[in-house]
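S.K.: Structure for this input, please:
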Amino acid sequence: MAIREMVNIDEDKCDGCGLCVPSCAEGAIQIIDGKARLVADNLCDGLGACLGDCPQGAITIVKRDADEFDEDAVAVRLKKIG
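M.R.: Prediction:
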């Protein structure tokens, strides 16, 4: 693991609208139990394409210890979610 920029979703602010999901080209965000959640660290590229699509301001970028971004894992995920 390494310190890198990652998406952080504030569950208190998130209303589960789902607008962030399609804006994540890597498929790293999913609505689970009515809230947006980061599915896995290795799926998030940390670029924050989802930031502008959250009307609640629940998504920010933070630096934290996380698994490295894995393009192969993204390809598998995108095939899975179709």
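S.K.: State the distance from Cys14 to Met1.
M.R.: Separation of Cys14 from Met1 (C-beta to C-beta, to the nearest Å): 25 Å. To be clear about C-beta, it is placed using only N, CA and C from the backbone, and glycine gets the same treatment.
S.K.: Between these two, which is the more surrounded one?
M.R.: The neighbour count for Cys14 versus Met1, taken as other C-beta atoms under 10 Å, is higher for Cys14 (20 against 9).
S.K.: How about the contacts made by that one?
M.R.: When contacts are counted by C-beta atoms under 8 Å, 6 or more residues apart in numbering, Cys14 touches 35-36, 54, 56, 58.
S.K.: Give me the spatial nearest neighbour of it, chain neighbours excluded.
M.R.: Excluding the flanking residues, the one nearest Cys14 by C-beta to C-beta, 6 or more residues apart in numbering is Ala58, at 4.2 Å.
S.K.: Next up, the contacts around Cys24.
M.R.: Contacts for Cys24 (C-beta under 8 Å, 6+ apart) come out as 44, 49-50.
S.K.: Sorry, slip of the keys, the one I care about is Asp45.
M.R.: 26, 28, 69.
S.K.: what do you get for Phe69?
M.R.: By C-beta under 8 Å, 6+ apart, Phe69 lies in contact with 4, 42-46.
S.K.: Which ones among the residues you listed map onto strands?
M.R.: Among the contacts of Phe69, the residues falling in strands (DSSP state E) are Arg4.
S.K.: I'd like to know which of the contacts of Phe69 is nearest to Lys63.
M.R.: Distance to Lys63, by C-beta to C-beta, is smallest for Arg4 among the contacts of Phe69, at 6.8 Å.
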